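>>> sequence first, predicted model second:
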There are 2 protein chains.
Amino acid sequence: MAGPQEEIDRYIEDHLPESLDDLKRLARIPSVSSKSEGIAEAAALVAELLGQAGFAARVLPTTGHPVVYADSAAEGAKGKDGASVTDDKTLICYNHYDVQPPEPLELWESPPFEPTERGGRLYARGVSDDKGQLISRIAAMRAVRAVTGGLPARVKFLVEGEEEISSPSLEPFIEANRELLAADACVWEFGGVDYAGRPQVVLGLRGILYVEFRVRTLARDAHSGEAHNLPNAAWRLVWALASLKGPDERICIPGFYDGIAEPGEAELRLLERMPSDEEFTRTQYAVRAFVGDHTGAEYKRAVYKPTANIAGFGSGWQGQGSKTVTPAEALAKMDFRLVPGQDPADLTRKLRAHLDASGFADVEVRVLGGEKAGTTPPDDPFVRLAARTAEEVYGTPAILKPLIGGTGPTWIFRSALGTPIVTLGPGDPESKAHAPNESLSLARFAQGTRHMARLLMAYGGEGN
Amino acid sequence: MAGPQEEIDRYIEDHLPESLDDLKRLARIPSVSSKSEGIAEAAALVAELLGQAGFAARVLPTTGHPVVYADSAAEGAKGKDGASVTDDKTLICYNHYDVQPPEPLELWESPPFEPTERGGRLYARGVSDDKGQLISRIAAMRAVRAVTGGLPARVKFLVEGEEEISSPSLEPFIEANRELLAADACVWEFGGVDYAGRPQVVLGLRGILYVEFRVRTLARDAHSGEAHNLPNAAWRLVWALASLKGPDERICIPGFYDGIAEPGEAELRLLERMPSDEEFTRTQYAVRAFVGDHTGAEYKRAVYKPTANIAGFGSGWQGQGSKTVTPAEALAKMDFRLVPGQDPADLTRKLRAHLDASGFADVEVRVLGGEKAGTTPPDDPFVRLAARTAEEVYGTPAILKPLIGGTGPTWIFRSALGTPIVTLGPGDPESKAHAPNESLSLARFAQGTRHMARLLMAYGGEGN
C-alpha cells in the first residue's frame, strides 16, 4: 500500500532544491560563536525558517547568545489548528546555529561562507555541523505537514548559539524553562551514517573536565647558564603532569575512579554487536599500537574508561634551532573525558588535593569547562523506534552505540527534562566538521531527512 | 714617574670620539649571523679597522661565515718594522663580528642598527656583544702603538662571524690553522665589571649538549574523544622527560656523572672568595627558592653541577580557551651544561641508551650542538697578570671566577692552542646583550680599553 510515508519521501525528494536554498542562506551567515559574529542574523533566519514550517518560533535571550525556541502547538503555530496535531506526545529537537571558526582559511577550496556544490556535496562552514542537520529536520517537518495536513506529535525546537563554545548558557536556560521545554523524547543535534554507510544511533556521550595548568618560577625567562640555581617552570609542569598518569595509563588522582557506574548487560551486548572501527582508525591515523595495546573487544570497551588527555602544552623556546633559556612560565591544557557516575566538580577538588599532596601547590589549575556524561537506556521504546525507522530508510540495521568518546550537553536534557535522546541526520564521515572544507552529502541529506520524517510519523502513530 | 702607561691612558681618553665613530660604523651593519645578513660587509670593515691599527689583516674562508684574521708581525703589518716588536710572546684576541637578531623590534627605544647615545651609553644591537669589545681592543692597540712606537708583544686577532649561532665552523678552522693561530695567551671575547663595578676575570666556561626531542604517535591530531585508544604524543614526551630528571634534580641517565673532574683546591678557594650574587639574583628573578634550596656556599658551588635544562616544549593546543585534541606530535628542547671531564658525544650515546632502555625508543633525539667545558688554571701567570692590571685600572681587586654557568668555545682554544684564557673588556650588567636596547657604557669602554692596553704592556714587559 502506498501510504503517506511514500508520499512524504517523494515530497522530500521533490523539494530538495528549496531545502538546499534554505541551507545556503543560513550557511552564508558567518555565525562564529567564539567571535560573536552573525549571531543575531542567524538566530533571526532560523526563527523565520521555523515559522515558515508552521512553528510558533521565538528568539529568547539567555545569559549569552540567544536561543531560538519553536513549538508546533503554541499560539501562532499553524499546526495548532491542524487535524492530526496531538498534545499527548512531545518531541524536542536540539540543534545549534553557531559554527566553528573557519580558519585556516588558506586550506579551503571555496570560501567558507560561500556555499558551493561539487561532486554531490555542498561545501561551507556549518553545512554539516549543525546547519545542515537543522535544515534537514525543518524539511522533514514541512514534508510531513504538507502530506498529512499537520504533525502527528507536538514538536519543539531548541536551537542554541553557543554549542561550539561549550554551551555555557544552556544549563541555566533549560533549568529556568523546564515547563516550556517539557518533552517526552529528544533528537540530538547530530546524526548520520558511519564509514560503511550504516545508520548510527548514539545513546550516550561522555562528560568532560577541561583544565588549564600554569606554573611560574621566575619573573622572566633566564639564561640557562644559571639552571643549576634558577628553578625551571617547564620541569615543574612535566613533573606535575607525570604525577597524574604514568605509561601504564592508570590515572593516579586518588578517588578518580570512585563511583563510576559500569555499563550494564544491555550496554555490553550493544558494544559486542557494534562493528569495530579499529582497522579503519589504525589506518587513518597510522597508529602502531593503541593505548594499552587495546584491540578487539578491549578496543571497543575502552570508551567506558575515563581519560586524562594532554590537549597541549607550551613553554620556552619552540622555534627553529637552539635557544638556551630557562623558562619562567609553562602552560598545559588537559581534558578528562568522564563516564557515567563521575562529577567534574568533585574531580576538580580531587585533582587540586592530589597536586597539593604531591608537592605541586605551585601549579595553578583553572577549570575551563565541566560536563557530566549523559546516557539513554538502550531498552527505551524511543530508541527502538529510532533504530527500526533507520533500518527502514537505510535498508540496513542501525548501529546502536551505548556511549561514544565525545561530549555534549546531553546530561542537562537527561536530568532537567528526563527525555530519552537519540541521534539521526544527514552526517557522514566525510563531513570534516570543525575542519577546512566542511561539507554535506546531498544524498545523505535526503536520507537523513526521510529518517526524521519517518521517526516522527512512527512516534506520533504509536499507541494512537 | 709618568711612564708610558699614563700617556697611553691619556691617548685612549683623547681618542675616544674616533673609537666610538669606528664602533658606530660597525654597529650600523646588521650582521645577524642566523640570517646570514651583512656578513661580508662587517668582515671587510673589521679587516679595514685592524689594518688601520697596523695589523696585517685578512678575511679567511671557513666552512661557514668567514673569519677575520690579523697579525701584528706578519708581512704587511706596520709593527713588523717597529722597534719594540717582539716575536717571543704572542697574545691572541678572540672576538666576533656577528650579532643576535634584533627582534622584538617594537621594544627598542631607538632603532637597533642606528647607534644612539643617551645618558652616557651607546645603544644599538652588538655595541656590547661583541663589537664594542672588539673596537675597545683595537683602540688599545692603537694607543700602545702611538705612544710606544710599536707593540710590546706579537698580537693576533681571530674575529669570527658565527659566535651567535654556536660557532659551527670554528673547531675545524682552528684545527686546520694551528700554526697560523699559535699563541701563548688568549683574551676572550667578553669581559667587564659585575653589578658592583668590580672587574671580573672569568677562567672557565661550561660545555653544552643541546638536543631536540620529537615524538609522533599519529598521522595527524585527533579529536580527544578517542583518547582512550589513540596514543598521545604529549604524554609520551612528558614521560620521557620525567625519566631524565625528577624533582630531586638528580639526572637519571646512567653514567651521566662519570669522569667529572671535581674542582681543585685553587678553584674552591676562588669560589669561596667570590662575592655571591645570590640576593641580587633572588630579587631580579623574584625567586622563592633556588633549585635544591641552594644558598650560601652551595649556591656558588652549584656551577660545578652539570644541568639538565628544558629550554622549551610544545604540543597541541596552546591558544586561548579549550580545544579538545589528542596531539600527534610533541617537541622539546633541552640543554645540558657540562662541567670539566664530560664529553657531549659520550653523553649523547648515554642519553639514547637510557631512552631505549626506559621504553622510549619512539622519542627521536637530534643533537643541535655540543661543546666541552674549557678552563684555565687559576695559578697561570697570565691570570695573575690580568688580575693585577685589572686592580690597577679599576682600583679594586679583580674577582676571579674559576667557572661560570655559560658556554663558549674556550675548550677549542685550550685543546688546540693550549693558551691560558682570561676575560676583560667594557661590559657591565646593564649591557642587555641578546635583548632589546643593548647598550655600552662610555665610561666602561674607556676603562676596558685601558685594561687591555695595560695587560698588553705588562705581558710584553714581563721577563724582557
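Received the coordinates, thanks. Everything numeric here is computed off the predicted structure, so don't read it as measured data.

>>> A strand includes A:Val155, no?
Yes - applying DSSP: H, G, I helix; E, B strand; the rest coil, one finds A:Val155 inside a strand.

>>> report pLDDT for it.
pLDDT recorded at A:Val155 is 98.

>>> surely it and A:Ser72 touch.
Yes - A:Val155 is within contact range of A:Ser72, at 4.5 Å (criterion: C-beta atoms under 8 Å). Using the backbone N, CA and C atoms, a C-beta is placed for each residue, glycine as well.

>>> who has more neighbours, those two?
Neighbours per residue, other C-beta atoms under 10 Å in any protein chain shown: of A:Val155 and A:Ser72, the larger number sits with A:Val155, 31 against 27.

>>> separation between the more buried one and chain B?
Separation of A:Val155 from chain B (C-beta to the nearest C-beta, to the nearest Å) stands at 29 Å.

>>> which ones are touching that residue?
A:Phe55, A:Asp71, A:Ser72, A:Thr90, A:Leu91, A:Ile92, A:Cys93, A:Met141, A:Leu456 (C-beta atoms under 8 Å, 6 or more residues apart in numbering or on different chains).

>>> nearest to chain B, of the residues you listed?
If you rank these by distance to chain B using C-beta to the nearest C-beta, A:Cys93 comes first, at 22.8 Å.

>>> if I pick the residue lying closest to A:Gly225 once chain neighbours are set aside, what's in contact with it?
Spatial nearest neighbour of A:Gly225, excluding adjacent residues (C-beta to C-beta, 6 or more residues apart in numbering or on different chains): B:Gly405 at 3.3 Å. Contacts of B:Gly405 were listed using C-beta under 8 Å, 6+ apart, and they are A:His223, A:Gly225, A:Glu226, A:Ala227, A:His228, B:Arg206, B:Val303, B:Arg337.

>>> identify the farthest-apart pair in those.
For those, the farthest-apart pair by C-beta to C-beta is A:His223 and B:Val303; their separation is 12.9 Å.

>>> who has more neighbours, those two?
B:Val303 (25 against 14).

>>> test my guess that that one contacts B:Thr407.
No - B:Val303 is beyond contact range of B:Thr407, at 12.0 Å (criterion: C-beta under 8 Å).

>>> which neighbours do the two share?
In contact with both B:Val303 and B:Thr407: B:Arg206, using C-beta under 8 Å, 6+ apart.

>>> still on that earlier bit, could you export the contacts of A:Val155 as CSV, including distance to chain B and secondary structure?
Converted to CSV, the contacts of A:Val155 look like this (distance: C-beta to the nearest C-beta, whole Å; DSSP: H, G, I helix; E, B strand; the rest coil):
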residue, distance to chain B, secondary structure
A:Phe55, 33, coil
A:Asp71, 33, strand
A:Ser72, 33, coil
A:Thr90, 30, strand
A:Leu91, 27, strand
A:Ile92, 24, strand
A:Cys93, 23, strand
A:Met141, 30, helix
A:Leu456, 29, helix
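
>>> show the buried residues in those residues.
A:Phe55, A:Asp71, A:Ser72, A:Thr90, A:Leu91, A:Ile92, A:Cys93, A:Met141, A:Leu456 (16 or more other C-beta atoms under 10 Å in any protein chain shown).

>>> any chance of TSV for those, columns pLDDT?
Shown next, in TSV, are the buried ones among the contacts of A:Val155 (pLDDT from 0 to 100):
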residue	pLDDT
A:Phe55	97
A:Asp71	97
A:Ser72	96
A:Thr90	97
A:Leu91	98
A:Ile92	98
A:Cys93	98
A:Met141	98
A:Leu456	97
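
>>> looking at the residues you listed, which one is closest to B:Ala433?
The closest of the buried ones among the contacts of A:Val155, once distances to B:Ala433 are taken by C-beta to C-beta, is A:Cys93, at 64.5 Å.

>>> quick one: contacts for A:Thr307?
A:Thr307 neighbours (C-beta under 8 Å, 6+ apart): A:Asp335, A:Phe336, A:Arg337, B:Ser224, B:Ala227, B:His228.

>>> top of those by neighbour count?
B:Ser224 (29 neighbours).

>>> for B:Leu218, see how far away that one is.
12 Å (C-beta to C-beta, to the nearest Å).

>>> list residues touching both of these two?
B:Thr326.

>>> now the helices for chain A?
Assigned by DSSP state H, the helices in chain A fall at A:4-14, A:16-27, A:39-52, A:131-148, A:170-176, A:178-181, A:233-242, A:265-273, A:278-284, A:296-301, A:344-357, A:381-394, A:410-412, A:442-461.

>>> report pLDDT for the residue nearest to A:Gly225.
So B:Gly405 comes in at 96 (pLDDT).

>>> contacting residues for A:Ala386?
So A:Ala386 contacts A:Val201, A:Ala398, A:Val422, A:Leu424, A:Leu455 (C-beta under 8 Å, 6+ apart).

>>> quick one: pLDDT of it?
At A:Ala386, pLDDT is 98.

>>> residues near the residue nearest to it when sequence neighbours are not counted, how many?
The spatial neighbour of A:Ala386 that comes closest, neighbours along the chain excluded (C-beta to C-beta, 6+ apart), is A:Val422 at 4.0 Å. A:Val422: 26 surrounding residues under other C-beta under 10 Å.

>>> equivalent analysis for the one 10 residues further on, please.
Look at A:Lys432: counted by other C-beta under 10 Å, it has 13 neighbours.

>>> A:Glu249 now?
17.

>>> which residues are in contact with the residue nearest to it when sequence neighbours are not counted?
Among residues not flanking A:Glu249 along the chain, A:Gly292 sits closest, at 5.4 Å (C-beta to C-beta, 6+ apart). The contact partners of A:Gly292, by C-beta under 8 Å, 6+ apart, come to A:Glu249, A:Glu298, A:Ala302.

>>> list the contacts for the second one?
In this case it means A:Glu298. Per C-beta under 8 Å, 6+ apart, neighbours of A:Glu298: A:Gly292.

>>> output the lowest mean pLDDT helix or strand found in chain A.
In chain A, the helix or strand scored least confidently by mean pLDDT, DSSP states H and E is strand A:222-223, which has a mean of 90.

>>> chain center to that strand: distance?
45 Å (C-alpha atoms, centre = their mean, to the nearest Å).

>>> before we move on, back to that, nearest to B:Glu37 among the buried ones among the contacts of A:Val155?
Among these, and counting by C-beta to C-beta, the member closest to B:Glu37 is A:Cys93, at 61.6 Å.

>>> if anything else comes up later, I'll come back, but that's it for now.
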